[in-house]
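Novice: sequence unavailable; structure follows:
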């Protein structure tokens with residue numbers, strides 16, 4: 001496999017029978033474990049009003065992760081700019097970089113709240129993503145002291161600091177990343193042709209910047225590694241069930257244990273279709289199988305980095321999966 005960094009994005013998924021606080025503590029503990037294993041970055045996500053996700057304040061959680069670790073890079077995957085004022089985001093990352101110099105990443109996205117009620121509570125609109133490029137320019141300008149949206153306004157302590165910026169995007173968002181000269185985080189692994197085409201378009205349109213003198217591509221998706229193919233597939237089942245439930249009931253639930261039911265029994269035909277589709281396209285299997293799949297995926301995209309986003313109910317099995325993956329890709333951690 002070509003020289004590629006491997007990192008983790010944890011969405012603080014809640015588990016059936018456990019409070020949201022447990023999911024947040026699990027995220028911090030997983031970050032410590034990822035550092036010991038030798039992963040390059042550990043990122044946290046932003047979701048609002050989702051019953052199955054505790055990660056709603058990524059910069060706050062990133063501070064907790066950075067405090068609990070010492071060497072791994074820490075960041076957001078990502079802060080959704082349509083939900084925030086660029087000045088406040090700049091200030092938050094300025095504080096993080098000041099407290100943990102040289103370890104902070106600023107991952108930024110274009111998504112808005114999933115429902116009308118959440119969007120109204122956030123003070124945003126469904127079409128707010130259309131203003132992302134302008135928000136991004138304003139945000140970056142606060143670090144360089146060159147933003148023009150609000151003359152005479154300075155972001156303290158962000159101004160003068162350097163925080164690597166990444167854009168989580170596909171399609172139009174990837175083109176924004178290229179024009180701004182920022183790193184691109186793109187997922188998922190399920191549509192390999194679409195993934196490759198988007199990466200090629202980004203590289204072709206890339207304009208060098210002071211933050212990123214050359215294109216930098218992070219591909220993101222689910223990787224599950226276990227002792228047998230069946231055990232690896234079982235790791236995918238809780239998230240697939242939750243996704244199918246959300247598509248048919250409008251609520252994204254906490255992750256449930258797999259138990260003995262590993263099929264779509266008890267689901268409606270429509271829900272079963274979503275469930276079976278949600279199990280497709282991920283990288284999973286034994287260490288040997290995953291090594292081959294990842295090598296092909298990295299070769300196809302020439303990715304600089306792979307950001308793994310696996311979620312499952314069994315936290316011990318998840319840790320084992322990350323440990324096996326670390327062996328697969330040759331990380332130099334202690335385990």
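Specialist: On my side now, so go ahead. Just so you know, these numbers come straight off a predicted model, no measurement behind them. Numbering: from 1, shown residues only.
Novice: which parts of the stretch 151-300 of the chain are helices?
Specialist: 172-180, 192-205, 229-249, 269-278, 287-301 (DSSP state H, counting those that start in this stretch).
Novice: what's the closest of the ones you listed to residue 62?
Specialist: For residue 62, the closest of those is helix 172-180, at 20.6 Å, according to CB to CB. For every residue, glycine as well, the C-beta is placed using N, CA and C.
Novice: gap between residue 130 and residue 69?
Specialist: Distance from residue 130 to residue 69, counting by CB to CB, to the nearest Å: 37 Å.
Novice: oh, I was asking about residue 149
Specialist: 35 Å.
Novice: more neighbours, those two?
Specialist: A count of neighbours by other CB atoms under 10 Å puts residue 69 above the other of residue 149 and residue 69, at 20 against 14.
Novice: which strand or helix spans the residue nearest to the more buried one when sequence neighbours are not counted?
Specialist: Once flanking residues are discounted, residue 69 sits nearest to residue 35: 4.8 Å by CB to CB, 6 or more residues apart in numbering. Taking DSSP states H and E as the definition, residue 35 sits inside helix 20-37.
Novice: how far off centre is the worst-scoring helix or strand of the chain on mean pLDDT?
Specialist: Least confident helix or strand, the chain: helix 116-122 with a mean of 82, by mean pLDDT, DSSP states H and E. Here helix 116-122 is found 22 Å from its chain centre; the criterion is CA atoms, centre = their mean, to the nearest Å.
Novice: for the helix or strand just after it, name the packing helices and strands.
Specialist: Per DSSP H and E, helix 116-122 leads on to helix 132-144 as the next helix or strand towards the C-terminus. On a contact count with 3 or more CB pairs under 8 Å, 6 or more residues apart in numbering; DSSP states H and E, helix 132-144 meets helix 86-99, helix 172-180.
Novice: need the contact partners of the shortest one.
Specialist: Right, the one you point to is helix 172-180. Helix 172-180 has contacts (CB atoms under 8 Å, 6 or more residues apart in numbering) with 109-110, 132-133, 136-137, 140, 165-167, 169, 183-184, 186, 198, 201-207, 209, 215.
Novice: show me what contacts residue 141?
Specialist: By CB under 8 Å, 6+ apart, the contact list for residue 141 reads 147-149.
Novice: need those residues in a markdown table (columns: pLDDT, distance to residue 96 and secondary structure).
Specialist: Converted to a markdown table, those look like this (pLDDT from 0 to 100; distance: CB to CB, whole Å; DSSP: H, G, I helix; E, B strand; the rest coil):
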| residue | pLDDT | distance to residue 96 | secondary structure |
| --- | --- | --- | --- |
| 147 | 93 | 19 | coil |
| 148 | 92 | 25 | coil |
| 149 | 90 | 22 | coil |
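Novice: nearest to residue 247 among these?
Specialist: Checking those against residue 247 with CB to CB, the nearest one is residue 149 at 38.5 Å.
Novice: buried residues in the least confident helix or strand of the chain?
Specialist: Neighbour counts over helix 116-122 (16 or more other CB atoms under 10 Å) mark 118-119, 122 as buried.
Novice: dump those into TSV; add distance to residue 79 as well.
Specialist: Formatted as TSV, the buried residues of helix 116-122 follow (distance: CB to CB, whole Å):
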residue	distance to residue 79
118	16
119	16
122	13
